[in-house]
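J.: When you get a sec, could you give me coordinates for this:
(one chain, ligands or ions: 2)
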Amino acid sequence: MENLKVVISENQIRQRVKELGREIKASYPDIDVSLVCVCILKGAVVFFSDLIREIDLDLEIDFVRLSSYGDSTCPSEKVIFSKDMEISVKNRHVLIVEDIIDTGATITYLKRVLEARNPLSVKVCALIHKMERRRMDVEIDFYGFRIEKGFLVGYGLDCAEKYRNLKGIYEIVD
Ligand code: IMP
Ligand code: MG
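T.: Numbering: from 1, shown residues only. Ligands and ions are numbered 1, 2, ... in the order given. Predicted coordinates for the structure are as follows:
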């Protein structure tokens, strides 16, 4: 059994998610079609379900699941879809919602694939912007919290599929 230390409380998350919803709405002042919000399964699902209810815009939701077979030298070429989107993003504004941006490989891959499908725009909102292992230069339009290092669980984040149902975010310490 791992030891868990609270890093971000349930209350802090709730506050920040509300602010993110307002920031996101404010960044689309002239939008005249509904926003397509894309959740990266499974880790982002808890954050996504809270966030979409704080974005006061017409929106649609969709889901992708990506599998990463990254090695340390070339992570981006080893990401594949195991579930693609169902909504077409052509001529739509797209907001990708991710749990953690760590090395940057997953988000770099997904952004590149979606941008090739001729959307009007693609933005990224991550719950956590984690710096320790960043290898790729990624533009993150919105993020909840910046964390320097550590392995985090809770609020959707797992360790071997465990802890996704915790209400706060914890660091595994031993
Ligand atoms: P990236 O492709 O290296 O940016 O990895 C992002 C993915 O790695 C996230 O979507 C998470 O699923 C997973 N990940 C990275 N760091 C953590 C962590 O601290 N806790 C749980 N999952 C993590
Ligand atoms: Mg993930």
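J.: looking at this, residue 122 is in a strand?
T.: Yes - counting by DSSP: H, G, I helix; E, B strand; the rest coil, residue 122 is part of a strand.
J.: Which residue is the nearest non-sequential neighbour of it?
T.: Of all residues beyond its chain neighbours, the one nearest residue 122 is residue 94 (4.7 Å), with distances taken as C-beta to C-beta, 6 or more residues apart in numbering. Where C-beta positions appear, they are placed from N, C-alpha and C, glycine not excepted.
J.: what's the neighbour count on residue 68?
T.: When neighbours are defined as other C-beta atoms under 10 Å, residue 68 has 13 of them.
J.: Ok, residue 66 next?
T.: 19.
J.: Quick check, it in contact with residue 79.
T.: Yes - counting by C-beta atoms under 8 Å, residue 66 touches residue 79, with 5.5 Å between them.
J.: what residues are shared contacts of those two?
T.: Contact with both residue 66 and residue 79 is made by residues 106, 109, 110, according to C-beta atoms under 8 Å, 6 or more residues apart in numbering.
J.: Buried residues, the helix or strand hosting the last one. List them.
T.: Secondary structure assignment for residue 110, by DSSP states H and E: helix 105-115. When neighbours are counted by 16 or more other C-beta atoms under 10 Å, the buried residues of helix 105-115 are found to be 105, 106, 107, 108, 109, 110, 111, 113, 114.
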